[in-house]
Every structure is written in C-alpha cells, then in structure tokens.
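Q: Show me how the following folds:
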Amino acid sequence: MSLDQLIKRCKKNDAQAQSQLYKLYANKLFSICLKYSRNYAEAEDNLQDAYITIFKKIDQFKNQGSVEGWMKRIAINTALQRYRTAGVFDIINEDQIEDVTVEIDDDTINLDFLLNIIQELPDRYRLVFNLYALDDHSHKEIASLLDISTGTSKSNLARARMILKNKIEHYKATVNSQSL
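A: The predicted structure follows:
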C-alpha cells in the first residue's frame, strides 16, 4: 500500500492503517521526542501524545510537503508544549549574554557521552540548545516556539554551551589523568 493510500485510510480512522503509520515512523519520532525530553519515559509519553495529535489532525494534512516533516513538527511541538507553561525559562537582559563555543577536537569524546550531557542540561537550556544547534532554528523561531524573548533564547544557548564546555573539559581531564 502506498503512503498516500495509508494516509487516506488514516483519515477514515482505520485502526489498521493507523497502526501501520505508527510503525513506519515511530522510531524517527521517538528519537525526536527523546531529544526534547528529560528521560526515556517522558519521551515515550511525548510520542504517545504526538500520535494522538497526529491522528486527530490527520485531516489537516493536505499532502503539501512530506507527511514525515508534518509529523516531526507535531512531535517537537508536543514535547515543547510541556515546557511552555511550566515557567522553565528565565527572562534575561540581552546585555548579559556572553557567546561561548564548544569545540570537540579529538576522539576521546564519544556520542553517547555527548547525548547524555545534553540530556542532563536543565530543560530551558536543553530545549534551546537542541532547537538551535541540532535543528537549525534561529533565535527568533525559538522565541516563537517557546514563547520567550530572543534574548532569553540567546542567553539560554550561551549557558547551555558553557555547561557543556565545562563537562567536556572535566571529562577530558579525567580521561587524561587515567591514561597517565
């Protein structure tokens, strides 16, 4: 069955088609949910909530662009919605923002370590970091998505980078001292 046929059947609330669509995209959408969640269990909840929204709003998908992109936006918005009203963002004066870069220039840092330290960031920093650094959103777009100012977005990104930089430097120092 083609993807177009599958979507048409989902629009008719066909449970078998919904199950197929779920299986087709669950892994990709879960990885997105995990990126924007505090932990695995929260990511599972976000994925479930995203699929509920997807199936409720599937009639709104008009075959303009990919269904995968449409579903990814819903998954991101579902995860972000948990934080919009929770007050996890600080209001920051833009003059206080210091730009920090994080450089990884050797093979001592593995992907699992990086993913873990990103996930350990406080919510407000993790969300902005992921949207900016991993998903290429501008500060203006992030501000709109999270209902914060662009200054808060910039500040939270700088603070996230500082935390990551410190954790990476600590990790490198620990690895280097162990190899002596």
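Q: and the nearest residue to residue 84 once chain neighbours are set aside, how many neighbours?
A: With C-beta to C-beta, 6 or more residues apart in numbering as the criterion, residue 84 has its nearest non-adjacent residue at 5.4 Å, and that residue is residue 147. Bear in mind the C-beta positions are built from the backbone N, C-alpha and C, glycine included. Around residue 147 there are 12 other residues, counting by other C-beta atoms under 10 Å.
Q: Surely residue 147 is in contact with residue 80?
A: No: in this structure residue 147 lies outside contact range of residue 80 using C-beta atoms under 8 Å: 9.4 Å.
Q: Domain ranges for this protein, per the record?
A: Following automatic domain parsing, the chain resolves into domains at 3-84, 94-178.
Q: Please state the offset of the last one from the chain centre?
A: Read that as domain 94-178. Domain 94-178 sits 13 Å away from the centroid of its parent chain (C-alpha atoms, centre = their mean, to the nearest Å).
Q: And for stretch 18-34?
A: Counting by C-alpha atoms, centre = their mean, stretch 18-34 comes out at 15 Å from the chain centroid.
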